[in-house]
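A.B. asks: Mind looking at a prediction? Sequence and model below.
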Amino acid sequence: MEKEEKMIQCSKCGATIKESQAYCNYCGSINILGAEIDYLNKLENVRSDLAEMGDDSDEEFKKTVKLSTKYIIIILAVAVVLILGYFGIRYAVNKAEDSHYSASYNEMQEIFAGLNAMYEAGDLEGLRKFYQEENHSDNYRVYDWEHYYFISVYSYRAWFMEALEKYRNPYDEADKLNARKWAIHDAVNLHFDAEKEFSVRQMTEDEVVQVEAWAAETERILLDEGIITEKQWNDLCAVYVNEDGTYMMVDDYIKYFDENLE
């Protein structure tokens, strides 16, 4: 069975293209890997042609020597053109990448300047909404912003407060149970990030203090509202950290301790 060709994302427009394509069908930008594959395939064809020409018998050698010489000259000329074309592609790609990275760098500096202004103004909600929108884009460099991890933890705190409001004022019992699950999920994620060494290292001292305050606040609310018992909370946090928890894991654990009430 013919092997299915690998598909990749165009580095410029994000379109799905074949790995062997030299150019993107949509934006026309060069696919470096595809250009190299195309170049190597052409060289392989040249090698095959040379190999086939070597099969001539001795009796026919004199008759074909002139024609062979002509072929060799043509093949060498083609090889030279391919080699020059390859280096031309590499040069064009390097120039395009230099221009792209320069533009991207300048663009990101403008974005970071705007984020810094919002941060200095204390607009954490605006920053949270910005990253929610960027979640659906391919601009992953926005996550290089120096205060991203702080905003990530703040997002869990904000989602927790939204779930808490729905828990306190539900449409019906099903809505209340769903809000309870999300409140627990967001609270345990906040605690997980607040204690995770990697996340803490990305924050300033003031941010760490604030995150610890949010963690204590969410835990207190959960216990005061009767959303979860202290033992259940401690058990869940321990399991979540050890098993790299997900929402489904939280959901399953809530079902377990609801069915096995103390």
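C.D. replies: Structure received.

A.B. asks: going forward, measure contacts and count neighbours with C-alpha atoms only.
C.D. replies: OK.

A.B. asks: so Pro170, which of the three states?
C.D. replies: coil (DSSP: H, G, I helix; E, B strand; the rest coil).

A.B. asks: wait, what's in contact with the closest residue to it other than its chain neighbours?
C.D. replies: Leaving aside its sequence neighbours, Pro170 sits nearest to Lys176 (CA to CA, 6 or more residues apart in numbering; 5.1 Å). The contact partners of Lys176, taken as CA atoms under 8 Å, 6 or more residues apart in numbering, are Lys166, Tyr167, Arg168, Asn169, Pro170.

A.B. asks: same deal with Asp38?
C.D. replies: Asp38 touches Ser20, Gln21, Ala22, counting by CA under 8 Å, 6+ apart.

A.B. asks: before we move on, which element is the residue nearest to Pro170 in?
C.D. replies: Assigned by DSSP states H and E, Lys176 belongs to helix 173-195.

A.B. asks: Give the buried residues for that helix.
C.D. replies: 176, 179-195 (16 or more other CA atoms under 10 Å).

A.B. asks: for the contacts of Asp38, which one is nearest Met108?
C.D. replies: Met108 has its nearest neighbour among the contacts of Asp38 in Ala22, at 28.3 Å by CA to CA.

A.B. asks: Quickly note the distance from that closest one to Lys6.
C.D. replies: 14 Å (CA to CA, to the nearest Å).

A.B. asks: Tell me which of those two has more neighbours.
C.D. replies: Ala22 (21 against 9; other CA atoms under 10 Å).

A.B. asks: what about Gly122, how many residues close to it?
C.D. replies: 11.

A.B. asks: And Glu205, by the same measure?
C.D. replies: When neighbours are counted by other CA under 10 Å, Glu205 comes out with 11.

A.B. asks: And it, what's its pLDDT?
C.D. replies: In this model, Glu205 is scored at 92, pLDDT.

A.B. asks: One more: Met118?
C.D. replies: 92.

A.B. asks: could I get the contacts of Lys176 as JSON lines with pLDDT?
C.D. replies: Putting these into JSON lines (pLDDT from 0 to 100) gives the following:
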{"residue": "Lys166", "pLDDT": "94"}
{"residue": "Tyr167", "pLDDT": "94"}
{"residue": "Arg168", "pLDDT": "94"}
{"residue": "Asn169", "pLDDT": "93"}
{"residue": "Pro170", "pLDDT": "90"}
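
A.B. asks: Looking at neighbours, which among those residues is most surrounded?
C.D. replies: Within the contacts of Lys176, neighbour counts (other CA under 10 Å) peak at Tyr167, which reaches 23 neighbours.
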